[in-house]
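Engineer: coords please:
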Amino acid sequence: MSDVATAPRNFTGVERAAVLMMLVDEEEAAAMLQKLDPEEVRELGAAMLNVADVSEEEMANVLDDFTGKARDRTGISFDPRPKVEAVMTRALGDEKAGSILARITPPDAACGLEILSWLDAPEIAAMIEKEHPQIAAVVIANLDPAVGGKVLEQLPEGSQPDILHRIAKLGPVNPDAIDTLKTLLANRRGGGGAGLTLGGTREAAKILQGARKATEQRVMPKLFKIDKDLAKAIEEAMFVFDNLLDMDDKNLGTLIRNVDGDVLSRALKGVDEAARERFLGCMSARAADGIRDEMEARGPMKLAEVLDAQKVMIAIARNLAKDGTIMMGGGDDDYV
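Structural biologist: Numbers count the residues shown, from 1 in each chain. Coordinates of the predicted model:
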């Protein structure tokens, strides 16, 4: 047997955390796990299994590293929420920041709905299937849009348009509805009776995008009958100009041939060089040179003019897709 000692392992950050977790008692470890989100718990749990054979020397190295970093830290005890809210609002705007903050705010301010992130879509759908549509709307709006789409498509087909309509119309949620949710969820926490702002047309659009294409094709016509203006706003939010680039060259070329050159030249003013060349690459060399010349001759343009031209192209694309002339997207889950 060799007398050469095995060199200590170099642990990753999560493995170092796992070693520390193995050193504390179960109650303390459980208290720390409760502060993590589901993905972090899964990652840390896997790491704890991997470091079960940690040596004394490796353990000492981890502890030395921890104490060294802890000694360098100052101001550990502070409320980070004002800073986080200010930074996100400045970077993303009120609407987007509010949507993200609603999901990452600590449990006492998130009305106890954080348990939803631990449940699968079928479990959530089964839980709210027999509840009032408004309760279902609040629950789905609180989910990640991809998960919310899967939950929506598993609910009864007859209720889907009504629920999506309610999601798009959500704003400040009545405290009574939140109390009902607290009762509905197994893990209840005190929320102080405060209201919560959720939903909106963009959130509804993201949720519908998270569902399968067949769900959108079934829900949207019914939603147009319930509220035409709202359905149109959701439809517009579901598809932006950059989504046209998801089409293959054949379909993109067909679209371009159906768009007036003046509209195309104005629309392409608002895209980066790579995206512009993708559009022009689906045209003949002569036609592409003509569009380039026209764009150069136009000079600077108002953003509103560019956006109007892009909306025209999007409308043409959707009409062509509805007629079956082109296919938008490249997979079964894409929408038209």
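
Engineer: burial of T201, as a residue count?
Structural biologist: 20 (other Cβ atoms under 10 Å). Where you see a C-beta, it was placed from the backbone N, CA and C, and this is true even at glycine.

Engineer: name the element the residue lying closest to V54 once chain neighbours are set aside belongs to?
Structural biologist: Nearest non-adjacent residue to V54, counting by Cβ to Cβ, 6 or more residues apart in numbering: V19, 5.6 Å away. Using DSSP states H and E, V19 sits within helix 13-23.

Engineer: Which strands or helices does the following helix or strand past that helix pack on?
Structural biologist: Scanning the chain past helix 13-23 towards its C-terminal end, the next helix or strand to appear is helix 26-33 (assignment: DSSP H and E). Under the contact criterion of 3 or more Cβ pairs under 8 Å, 6 or more residues apart in numbering; DSSP states H and E, the helices and strands touching helix 26-33 comprise an empty set.

Engineer: was I right about G149 contacting T215?
Structural biologist: Yes: the pair G149 and T215 qualifies as a contact (Cβ atoms under 8 Å) at a distance of 7.4 Å.

Engineer: overlap in contacts of these two?
Structural biologist: Common neighbours of G149 and T215 are listed as L208 (criterion: Cβ atoms under 8 Å, 6 or more residues apart in numbering).

Engineer: quick one: low-confidence ranges for the chain?
Structural biologist: 1-8, 66, 68-84, 86-88, 90-91, 94-118, 173-199, 329-336 (pLDDT under 70).

Engineer: one more time with 50, if that's ok
Structural biologist: Across the chain, the stretches falling below the confidence threshold (pLDDT under 50) are 1-4, 74-78, 106-111, 186-196, 330-336.

Engineer: Outline the domain layout of it.
Structural biologist: 13-70, 111-236, 240-322 (automatic domain parsing).

Engineer: Surely A137 is in contact with Q160?
Structural biologist: No: judged on Cβ under 8 Å, A137 makes no contact with Q160 at a distance of 10.9 Å.

Engineer: Those two: who's more crowded?
Structural biologist: Under the criterion of other Cβ under 10 Å, the comparison of A137 against Q160 puts A137 first, with 28 against 22.

Engineer: what's the burial count for the closest residue to H165 other than its chain neighbours?
Structural biologist: The spatial neighbour of H165 that comes closest, neighbours along the chain excluded (Cβ to Cβ, 6+ apart), is I226 at 5.2 Å. I226 is flanked by 13 other residues according to other Cβ under 10 Å.

Engineer: Spit out the contact partners of I226.
Structural biologist: For I226, the residues meeting the contact criterion (Cβ under 8 Å, 6+ apart) are P161, D162, H165.
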